[in-house]
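K.L.:
next come a sequence and a model predicted from it.
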Amino acid sequence: MKHLLAVLLGLLAILTWTFGGTVIELESYREANSQGLCHVVGVDYSADGQARQVREQCLAAAKSSTGPFGHILHALHLR
């Protein structure tokens, strides 16, 4: 049982290291979206494709105050 736990923890560490950049990017996007950083009042994003594209670019470039380790902990539901 100890070996299984060690293997699972090792696998989790490898996957976290491998996909860490993507996790951090997605968590930054999610946090910026939840805080409304790139939202423009009065714009219908479902009808205006150009406004939606500008908003997506803004969200992808947004930097949050949470650091990379905070994003990983949030993605793993440890924080």
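P.N.:
Good, I have the coordinates. Numbers count the residues shown, from 1 in each chain.
K.L.:
work out for me the element the residue at minimal distance from the centre of the chain sits within.
P.N.:
For the chain, residue 27 is the residue whose C-alpha lies nearest the centre (CA atoms, centre = their mean; 1.5 Å). Assessed by DSSP states H and E, residue 27 sits inside helix 2-35.
K.L.:
I figured residue 24 hits residue 72, correct?
P.N.:
Yes - at 6.7 Å, residue 24 and residue 72 qualify as touching, with contact defined as CB atoms under 8 Å. C-beta here means a position set from N, CA and C on the backbone, and glycine is covered the same way.
K.L.:
what's the nearest residue to residue 62 if we skip its chain neighbours?
P.N.:
Of all residues not flanking residue 62 in the chain, residue 32 sits nearest, at 3.7 Å (CB to CB, 6 or more residues apart in numbering).
K.L.:
count the neighbours of that neighbour for me.
P.N.:
Neighbour count for residue 32, taken as other CB atoms under 10 Å: 19.
K.L.:
can you check residue 77 too?
P.N.:
6.
K.L.:
confidence score at the residue lying farthest from the centre of the chain?
P.N.:
Distance from the centre of the chain peaks at residue 1, with 33.3 Å (CA atoms, centre = their mean). Note for residue 1: predicted pLDDT of 83.
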